[in-house]
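Asker: Starting from these lines, generate the structure:
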Amino acid sequence: MRHAILLLAGGLAASTSTAQLPRIVVQGAGAPQVFTDLTAAIAAAQPNDVLYCSAGTFSYTGGLQIDKSLHFIGAGIHPDSTAATGTTSFYRSGGGNDPLYILQSASGSTFTGIYFDNNGGGNTNWRMIAYGTDATNDQAGNILFQRCRFRSSRINLAFEPSNSSPAMAGLTTTFDECVISAVIYGGNRGVVATRCILDQAGTITANNAGFTTVDHCVFLGPSLGDCYTAQISNTIFTGYPPGNWDFFCGDCGGATVTNVLNGFAHWAYGGNNTMTLVNSQQLTDASTLFVSESNYQYEFSDDLHPAANSPAIGFANDGTDAGIYGSSSPYKPGAVPYNPHFLQSTIAPATNSNGALPVNIKVAAQTH
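Answerer: Residues are numbered from 1 along each chain as shown. The predicted structure is shown next:
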C-alpha cells in the first residue's frame, strides 16, 4: 500500500487547482527516488527497478533510450476508471521522427496502464516506439505491454522492420489487453496479441517469419498483412464498410485461422495465401456482434461484449465467447492496472481548526 500512496500523491496533486507536476517514484535496488521528468527517472533507475508513474503527461524528446530492464506502472488509460487520479500518458513532444528507443539491454521490460502518444498524429511513417538505434542493439525480447493504449503511429519491433529483418523467434513482444491505434511492424520478430482491440488505424504487419499469434482479439476494421504461418484464433474481424478493403489478410500464406469470425468479403488477397481455416466463418452482418460499436473507431463508451444472439457467444475453441471477453481471463473492464485502484478521493481545500487537512480516499484491491 505504501507504493500505491506514493503513486496517488502525484495523481491527486495533478488533479487539483494547485496542481504540481506529475511524479514518478523509482523503487527497487536503492532508496526510493521521486522525479517529475521521465528522462531523468530512466537515467537514475537501476536494472529491474519499478517506475510508478502518477496520472498526468510525461513529455520527452524523441531519441530517449531505455537501455535496461525496467517496469513502468501507470495509473491507467480509461477515463472512467481513473476518475480519482487521471490517466498516465507518455508523450513525445519533439525530436523529429526519433521515437522512444528500446534497446536489447532493456529485454524483459514491462509497461502497464500507459497511453503512448506523439506529435506525429495519424502519420504511420512516424515511429512512436522502435527497438534499437541500429541493427547492433535491436534484439530486445520478452517485452510486455499490458493495458496500454497507442495512438496512430508506428511501433517497430526491429531497427529495420521490413520483411528482410533477421528472423528471431525468441524475441517476443506481447500486447495484452491493449487498445492499439497504431501499426505494429513485426520485423520478423515474435508478436503475441491477446485480448487486444485494434481499430481502423491499427494492424500487425511485416512479420513473414511466422511468429505472429493473435488470440481473443477484436479488429474493428483492419486486416493483417505479411504474417505468414501466423496462428490466429478466437478473434473477431468486423471488416470495413462496402467499398473499402475487403480481405481478411494480405500475404498470410500458411496461417492457421481457428474459430475466427470474419466480416470481410474475402479471406485472402495477393500472393502466397494458402491458409488453413478451422471452424471459422464469414459474417453476413457485423452490426449484430457487439452491444455498442458502430464506427470502426474505438471509443471508451463502446461496449464490446457480445450482443444478444451475437455469433460470438460461445464461439471460441475454449467454449468461451470470441473476442476480448472470452478466454479464462477476459478483458478487464476499464483496463485497470494491477496496482490498487483509487475509486474516489475527497481533499478539503484548507486545513480544519486543528490544523489538519481532511482527506478521504477510497481504494479497491485488484486481483490481477
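Asker: isn't Gly94 right next to Leu64, touching?
Answerer: No - between Gly94 and Leu64 there is no contact under C-beta atoms under 8 Å: 10.7 Å. Heads up, the C-betas are built off the backbone N, CA and C, glycines and all.
Asker: more neighbours, the two?
Answerer: Neighbours of Gly94 and Leu64, each counted by other C-beta atoms under 10 Å, are more numerous for Leu64; the result is 17 against 12.
Asker: Cross-check the contact I'm expecting between the more buried one and Asp37.
Answerer: No - because the distance of 10.6 Å does not satisfy C-beta under 8 Å, Leu64 is recorded as not touching Asp37.
Asker: Give me the nearest residue to Ser301, chain neighbours excluded.
Answerer: In this structure, Ser301 finds its nearest non-sequential neighbour in Ser292, 7.2 Å apart by C-beta to C-beta, 6 or more residues apart in numbering.
Asker: thought the one you found was touching Asp303?
Answerer: Yes - contact criterion C-beta under 8 Å: Ser292 and Asp303 qualify, at 4.2 Å.
Asker: residues near Arg189, how many?
Answerer: Other residues lying near Arg189 total 30 when counted by other C-beta under 10 Å.
Asker: now it, which residues is it bridged with?
Answerer: Met168 (DSSP bridges).
Asker: How much space separates it from Asn97?
Answerer: To Asn97, Arg189 is 21 Å away according to C-beta to C-beta, to the nearest Å.
Asker: cool, and Leu103?
Answerer: 18 Å.
Asker: Then Ala307?
Answerer: Taking C-beta to C-beta as the criterion, Ala307 is separated from Asn97 by 42 Å.
Asker: higher neighbour count, Leu103 and Asn97?
Answerer: The residue with the greater number of neighbours, taking Leu103 and Asn97 and applying other C-beta under 10 Å, is Leu103; the counts read 19 against 15.
Asker: Helices of the protein, start to end?
Answerer: Assigned by DSSP state H, the chain shows helices spanning 2-15, 38-44.
Asker: Mind telling me which of those helices the model trusts least?
Answerer: Averaging pLDDT over each of the helices of the chain singles out helix 2-15 as the lowest, with a mean of 42.
Asker: residues contacting Ala45?
Answerer: Contacts of Ala45 were listed using C-beta atoms under 8 Å, 6 or more residues apart in numbering, and they are Val26, Gly28, Leu51, Lys68, Leu70.
Asker: rerun that using 10 Å as the cut-off
Answerer: Neighbouring residues of Ala45 by C-beta atoms under 10 Å, 6 or more residues apart in numbering: 24, 26-30, 33, 35, 51, 66, 68-72.
Asker: which ones are touching Gln200?
Answerer: For Gln200, the set of contacting residues under the criterion of C-beta under 10 Å, 6+ apart consists of 152, 181, 219-222, 238, 240, 244-245, 295-298.
Asker: By neighbours, which of these wins?
Answerer: When neighbours are counted as other C-beta under 10 Å, the busiest of these turns out to be Phe219, with 31 neighbours.
Asker: What's opposite it in the beta bridge?
Answerer: Leu198, Phe237.
Asker: Could you check how far it is from Thr88?
Answerer: Taking C-beta to C-beta, one finds Phe219 at 26 Å from Thr88.
Asker: And stretch 46-64, what's buried?
Answerer: Applying a neighbour-count criterion of 16 or more other C-beta atoms under 10 Å, one finds 49-60, 62-64 buried in stretch 46-64.
Asker: and that stretch, how far apart are its ends?
Answerer: In terms of C-alpha to C-alpha, to the nearest Å, the two terminal residues of stretch 46-64 are separated by 16 Å.
Asker: that older thread, joint contacts of Leu64 and Asp37?
Answerer: By C-beta under 10 Å, 6+ apart, Leu64 and Asp37 have these common neighbours: Ala43.
Asker: dump the residue contacts of the closest residue to Glu293 other than its chain neighbours.
Answerer: Nearest non-adjacent residue to Glu293, counting by C-beta to C-beta, 6+ apart: Asp302, 4.5 Å away. By C-beta under 10 Å, 6+ apart, Asp302 lies in contact with Ile197, Asp199, Val218, Leu220, Phe290, Val291, Ser292, Glu293, Ser294, Asn295.
Asker: Got the confidence number for Asn322?
Answerer: Asn isn't right for residue 322; it's Ala. Model confidence at Ala322, given as pLDDT, is 98.
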